[in-house]
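1. fold the stuff below for me.
(one chain, ligands or ions: 1)
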Amino acid sequence: MRFQSLLYPVRSLVFILICRIGTAGIAVQVVGSNWPKPHYTLLITGLCRFHILEVLKEKPYPVAEVEQLDRLEQYTNGSDAAGELNVLSEQFYEYAIQLVELLDMSVPVVAKLRRMLDSLPKETLPDILASIIRTSANEKLQVLDAVGLEERFKKTIPLLVRQIEGLKLLKKTRKLKLDDEKRVVTIRPIRRNNSISGKRFPLDTAEEEEDDDVDDIIMLEKKIRNANIPEQALKVCMKEIKRLKNMPQSMPEFVLTRNYLELMVELPWKKSTSDRLDLHAARVLLDNDHYAMQELKKRVLEYLAVRQLKNNLKGPILCFVGPPGVGKTSVGRSIAKTLGREFHRISLGGVSDQSYIRGHRRTYVGSMPGRIINGLKSVGVNNPVFLLDEIDKMGRGLQGDPAAALLEVLDPEQNHSFTDHYLNVSFDLSQVLFIATANTTATIPPALLDRMELIQVAGYMQEDKVEIALRHLIPKQLDLHGLTPHHLQIPQETTEDIISRYTREAGVRSLERKIAAICRAVAVKVAESQHRSAKSSHLPVPGEEGKARVPEETKDESITDTTDLALPPEMPIVIDCHALKDILGRPIYEVEVFHRLNQPGVAIGLGRTNFGSEILFVEASQMEGEGQLTLTGQLGDVLKESAHLAISWLRSNAKKYHLTNAAGSFDLLDNTDIHLHFPAGAVTKDGPSAGVTIVTCLASLFSGRLVRSDVGMTGEITLRGLVLPVGGIKDKVLAAHRAGLKRVIIPKQNEKDLDDIPANMRENLDFVPAVYLDDVLNAAFDGGFPADSRCDILNSKL
Ligand SMILES: Nc1ncnc2c1ncn2[C@@H]1O[C@H](COP(=O)(O)OP(=O)(O)OP(=O)(O)O)[C@@H](O)[C@H]1O
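-> Numbers count the residues shown, from 1 in each chain. The predicted structure follows:
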């Protein structure tokens, strides 16, 4: 039979090419993992010998035309050559039995081999034993090449004899080893003597490896004893060590157990850093790293103060909640720096598998510990600061709920005995300072929320942003781009311009990006001018005209203009509004509010999205129809209900406020469809706080009057027309201020929240506290929104 063979990756069928004759095999099992380093074991069943007729190509993998050699000589008692063959096979059998008896019969594979010696056809035995015994590849090849049965017996017997002798010697040395405590030292000279005497066993190299492993295990055992492992965990380790000693190293489990034990040694069971408890220094450090964030800094200092008084204080679990880019993550890092602790960040965004936190059981293929234990291993101390980033973005998948796994981690009453599935013994997490960050608390499961101390980090005001930019972001970006203030200066007015005209965010991330863009543009100029000055230093000194051309013209030149590269810019390059426009393009946010409120049926709400608080436009239109309400803009259920509430309230009060639809009817939905849209359709919006805005927007639509373009509003509504309190007032007011609004309508019950607003901002904004929707409408329209008092519902006096 002839066939073409691909010598490597034919799915599971693998042909192994060795010289002229090869063995075809099939891979029946692959076991192993990539952690901590790739280690795989293949189980291959040999099929037959084959003979190479012609190698067709060698690259990218060898392909050859081969002929199957499956009709090898059979062993029969009655053949002519049976006499000699009989003797050989008997001899072979005896040696094979001797060999097997020298091995440990309690190992299942050995017992199986013993049975096979009696049950398998005799002609297959040389191949099987040649593949098992330790010998060089060349000698194995000789057996493979021997196609005749007699030749195969003859080639294999010497190998068997040598192996038997080797094993006998090993047994002797092992005995010595057990007698002597310092066995590791004594074995080697004995073996060396053997090779010197000229009788070198192939077993030597293999045995050396085996002994290395034994040494390793002894070393590992020593390390375990010295690793300060708690009693319970130590017991488990010793049990594993015992198993490891009796395990053949080729077993996949050997590597897994060894990895496990190495992890146990590396874990910081009792190793910790001592806290830096200087309150004054801590305050200075925190202030140096981050501007503002007073509440957060206050809480950290409180923790430090208590820690100073009580040494074994359990780590609190703080959760910083706020919009993106307000420095939650980076303040976590600087808390670790302040305390003099190690820092480790675990990103939880998108995690939907609880084994991410708790690890896999060791029985799994590719099992590994969870991120908590891995983090402890990498920081090497048991009291680091762990930052659980984006805790609100965890998912829930088929592999369990990671939030549930975190419950144990984050409970100060339980986390002294946290059990990772991989470790299977408890680890004390009580000294770890856990800090979680989240953009919203809405998606954090209540049980988890309950275990954490929430610290709200509000968005920044324009003034804060200017300070942060000048003190932190600009120096940081200059440094990152290899620039100094001698190269680039961004004055305060320009920074204010960037903030108000190029960014609209609660945090400072996009501001930082804009500053980085400016630095990049300037870096090009600086690099070019350096290149030119290096060049000109090689040229003859320029004449008078050369001197005259330099400074004045370059002062106002466009930064991005590459036509006049010959003129080196005057350092430092100061970014003014023209340069800003050249680098960042036209301003992104301008007069937008005014443009969008130039027709009836539009109002501005103040809402919270996942990206922080923002002003939200609500648009409404009416058309002929059957009284349907259409809502668009990725709205949640609560928001949709608010829209229905708003329509109902307006319909019941239409006469009072003289609201009519396009047909002039007070029944606003009579032959009329209404469409409500919340622009920025890609951003999900929900919550009841848009109620007042929807009412105002629809009141504008049905009255034909324009809503004031400088008014933003927030508040939940009821069917009776009451305005109920909502959350996040500070952030919403900041968003209104950012957008340049002048008046903010808030629920009366939220008036107390205005204390958090800085005084200068309170002076710039006109706050209107509303109890009823009537108050809202009066404040939202120029000249108020008069109602017909005769239509007022009579209050019962009973
Ligand atoms: N008050 C501040 N002082 C100095 N730098 C700040 C301040 N606030 C934010 N930054 C800077 O803003 C950048 C973004 O901060 P960070 O990544 O910590 O935001 P975050 O709140 O964790 O955002 P997210 O919720 O998206 O993870 C960082 O470079 C940080 O140094």
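
2. up against the ligand, what does this protein have?
-> 290-293, 324-330, 437, 439, 468, 472, 507-509, 512 (Cβ under 6 Å from any ligand atom). Heads up, the C-betas are built off the backbone N, CA and C, glycines and all.

3. in strands, which of these fall?
-> T437 (DSSP state E).

4. is there a quick ChimeraX command that grabs whichever of the residues of the chain next to the ligand are buried?
-> ChimeraX command restricting the residues of the chain next to the ligand to the buried ones, with burial defined by 16 or more other Cβ atoms under 10 Å:
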select :290,291,292,293,324,325,326,327,328,329,437,439,468,472,507,508,509,512
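
5. domain map for this protein?
-> Structural domains assigned to the chain are 21-68, 85-170, 224-266, 279-456, 464-530+570-584, 602-780, following the TED database.

6. adding mean pLDDT and distance to D215, write the ones you listed out as TSV.
-> Listed next are the domains of the chain as TSV, based on pLDDT from 0 to 100; distance: least, Cβ to Cβ, whole Å:
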stretch	mean pLDDT	distance to D215
domain 21-68	82	20
domain 85-170	83	15
domain 224-266	85	12
domain 279-456	86	24
domain 464-530+570-584	88	49
domain 602-780	87	56
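
7. so can I have JSON lines of those showing distance to D216?
-> Converted to JSON lines, the domains of the chain look like this (distance: least, Cβ to Cβ, whole Å):
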{"stretch": "domain 21-68", "distance to D216": "15"}
{"stretch": "domain 85-170", "distance to D216": "18"}
{"stretch": "domain 224-266", "distance to D216": "8"}
{"stretch": "domain 279-456", "distance to D216": "20"}
{"stretch": "domain 464-530+570-584", "distance to D216": "45"}
{"stretch": "domain 602-780", "distance to D216": "51"}
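
8. and the residue of the chain nearest the ligand?
-> Per Cβ to the nearest ligand atom, G327 is where the chain lies closest to the ligand, at 2.6 Å.

9. quick one: residues contacting L734.
-> A458, G459, Y460, M461, A506, S613, M761 (Cβ atoms under 8 Å, 6 or more residues apart in numbering).

10. mind saving the C-alpha coords of the host helix or strand of it as CSV?
-> According to DSSP states H and E, L734 maps onto helix 729-738. Taking Å, rounded to 0.1, in the frame of the first residue of the first chain, the C-alpha atoms of helix 729-738 are listed here in CSV:
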residue,chain,number,x,y,z
ILE,A,729,-27.7,67.0,42.0
LYS,A,730,-24.1,68.2,42.3
ASP,A,731,-23.0,66.4,39.1
LYS,A,732,-26.0,67.7,37.2
VAL,A,733,-25.4,71.3,38.3
LEU,A,734,-21.8,70.9,37.2
ALA,A,735,-23.0,69.7,33.8
ALA,A,736,-25.4,72.7,33.5
HIS,A,737,-22.6,75.0,34.4
ARG,A,738,-20.3,73.4,31.8
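
11. strand partners (parallel or antiparallel) of whatever helix or strand comes next after that helix?
-> Scanning forward in sequence from helix 729-738 by DSSP H and E, the next helix or strand is strand 743-747. Here strand 743-747 is paired, per DSSP bridges, with strand 711-713 (parallel), strand 766-770 (parallel).

12. so the last one versus helix 729-738, what angle?
-> Read that as strand 766-770. Relative orientation of strand 766-770 versus helix 729-738 (axes from the mean of the first three to the mean of the last three Cα atoms, to 10 degrees): 140 degrees.

13. list the contacts of strand 766-770.
-> By Cβ under 8 Å, 6+ apart, the list of residues contacting strand 766-770 reads 692, 715, 723, 742-748, 750-751, 754, 775-776, 779.

14. if S33 is in a bridge, with which residues?
-> Note on S33: beta-bridge partners by DSSP bridges are H39.

15. for it, give me its contacts.
-> H39, Y40, L256, V365, G366, S367, M368.

16. please apply the same query to T696.
-> A603, V707, M713, V776, L777, A780.

17. filter these down to just the ones in helices.
-> Those of these mapping onto helices are V776, L777, A780, per DSSP state H.

18. for this structure, which helix is longest?
-> From DSSP H, the single longest helix across the chain is helix 149-179.

19. which strands or helices does that one pack on?
-> helix 82-102, helix 125-132, helix 137-145, helix 183-196, helix 203-226 (3 or more Cβ pairs under 8 Å, 6 or more residues apart in numbering; DSSP states H and E).

20. that helix vs helix 137-145, what angle?
-> Using the same axes, to 10 degrees: helix 149-179 against helix 137-145 is 150 degrees.

21. give the buried residues for helix 149-179.
-> 149, 151-157, 159-160, 162-164, 166-167, 169-170, 173, 177.
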